[in-house]
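Participant: 3D, please:
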Amino acid sequence: MKWKTHVAIAIALASFITKNPIYLISAGFFGILPDIDFWFHRSGLSHSITTAVVASASILLITHFFYELDFLLAMMAFIGIGSHICLDMMTLSGVRMFWPWKKKVVRIPPHVRYDNPLMNHTLTIISIGVLFITLQQ
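Facilitator: As a prediction, the model looks like this:
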């Protein structure tokens, strides 16, 4: 999916947990974080459940040592990275979700190109609607 779709979905999902804009923005940031692996894109290194767990645990350790435990920030990392992985599972390329234990590529329907405008626009509009509704509550 396109980066805007990853950000929108992550923020919309995070809005079910918090209304704090700092945490919502962090969820959006974590939603695009897996795409920084330009050389190994979707190799499993960044597009696996392992990455989501390791990133969340790392945030807990870092916040514990330098400030205080921030479970909410760790949740935002897991939501952002996890939603990114789920969205990329809908693409033709799929993801190696269980890397490094299994290298099998996982795909779920509808198997679209990552830049499919209909899918990206539809998911972004739904995300904005969800965000609007959750922030009204």
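
Participant: return the list of helices and strands in contact with the helix ranked longest in the chain.
Facilitator: In the chain, with assignment by DSSP state H, the single longest helix is helix 117-136. Applying 3 or more Cβ pairs under 8 Å, 6 or more residues apart in numbering; DSSP states H and E, one finds that helix 117-136 contacts helix 3-14. All C-beta spots, glycine's among them, are computed from the backbone N, C-alpha and C.

Participant: pLDDT weak spots in this protein?
Facilitator: Scanning the chain for pLDDT under 70 picks out 38-44.

Participant: tell me which stretches of it form strands.
Facilitator: Using DSSP state E, the chain contains no strands.

Participant: is it true that residue 112 touches residue 89?
Facilitator: No - counting by Cβ atoms under 8 Å, residue 89 is not a contact partner of residue 112; they are 11.1 Å apart.

Participant: which of these two has more residues huddled nearby?
Facilitator: Set side by side, residue 112 and residue 89 show more neighbours around residue 89, with 18 against 15, by other Cβ atoms under 10 Å.

Participant: surely residue 60 and residue 72 touch.
Facilitator: No - the criterion here is Cβ under 8 Å, and residue 60 misses it with residue 72 at 10.7 Å.

Participant: neighbours of residue 62, just the number please.
Facilitator: Using other Cβ under 10 Å: residue 62 sits among 13 other residues.

Participant: ok, it to residue 69 distance?
Facilitator: Noted for residue 62: a distance of 10 Å to residue 69, by Cβ to Cβ, to the nearest Å.

Participant: what of residue 9?
Facilitator: Taking Cβ to Cβ, one finds residue 9 at 26 Å from residue 69.

Participant: so between the two, which is more surrounded?
Facilitator: Set residue 9 next to residue 69 and count neighbours by other Cβ under 10 Å: residue 9 wins out with 26 against 13.

Participant: mind checking how far that one is from residue 51?
Facilitator: In terms of Cβ to Cβ, residue 9 sits 17 Å off from residue 51.

Participant: cool, and residue 62?
Facilitator: Per Cβ to Cβ, residue 62 is found 16 Å from residue 51.

Participant: same check, this time on residue 120
Facilitator: Taking Cβ to Cβ, one finds residue 120 at 23 Å from residue 51.

Participant: alright, calling it a day.
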